[in-house]
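In: give me a model of this one.
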Amino acid sequence: MSEKVNLAEKLATFTEHWAPRTVTEFNGHDVMVVKVQGPFVWHKHDDTDDFFLVLAGEIDIEMPDRTITLGPGEVFVVPQGVEHRPVAKEEAQIMIIEPTGTPNTGDAATAAKRRRV
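Out: Down below sits the predicted model:
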């Protein structure tokens, strides 16, 4: 990456929920921004952790044994293999970082197509 990235500008380029957009890459990972609202699907990642940073709004990370609520500036990492479901009661904006090619649903057949902004 040779230019700075303004996350607010990138988020302003789309309106879809649960459709991650890659803003840059580093060390084999995609850095993505996502607008979220409502519940996502229950899923897990067998080979990688799942990183969430809330930029705006609030999300719950539901897991079988507990729920973690995150607000702006808060980070949570779901360990690999742990079933989870992000839920946003109102629209929220998050950053996620994943190894390039990781399906966001944990299943390549149902994963959102990777798009770059």
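In: list phi and psi for Leu7.
Out: Per-residue torsions, Leu7: phi -60, psi -40 (degrees, to the nearest 10).
In: so it makes contact with Leu53?
Out: No: with contacts counted by CB atoms under 8 Å, Leu7 stays clear of Leu53, the gap being 10.1 Å. For every residue, glycine as well, the C-beta is placed using N, CA and C.
In: looking at the protein, which helix or strand does the model trust least?
Out: Within the chain, no helix or strand scores below strand 115-116, which has a mean of 79 by mean pLDDT, DSSP states H and E.
In: residues near Gly38, how many?
Out: 12 (other CB atoms under 10 Å).
In: hmm, back to that, the more surrounded of Leu7 and Leu53?
Out: Between Leu7 and Leu53, Leu53 has the larger neighbour count (other CB under 10 Å), namely 18 against 14.
In: just the pLDDT for that one.
Out: According to the prediction, Leu53 has pLDDT 98.
In: now do Met1
Out: Listed pLDDT for Met1 reads 57.
In: heads up, I number from 22, so please use that
Out: Okay, residue one is now 22; in that scheme the one you just asked about reads as Met22.
In: which neighbours do Leu28 and Leu74 share?
Out: Common contact partners of Leu28 and Leu74 (CB atoms under 8 Å, 6 or more residues apart in numbering): Met116.
In: which strands and helices lie in contact with the least confident helix or strand of the chain?
Out: Strand 136-137 sits against strand 42-47, with contacts defined as 3 or more CB pairs under 8 Å, 6 or more residues apart in numbering; DSSP states H and E.
In: just for this structure, where's the confidence low?
Out: Applying pLDDT under 70 to the chain flags the ranges 22, 124-133, 135.
In: and the strands in this protein, which stretches?
Out: Secondary structure of the chain (DSSP state E): strands located at 42-47, 50-60, 71-77, 80-84, 87-91, 96-99, 106-120, 136-137.
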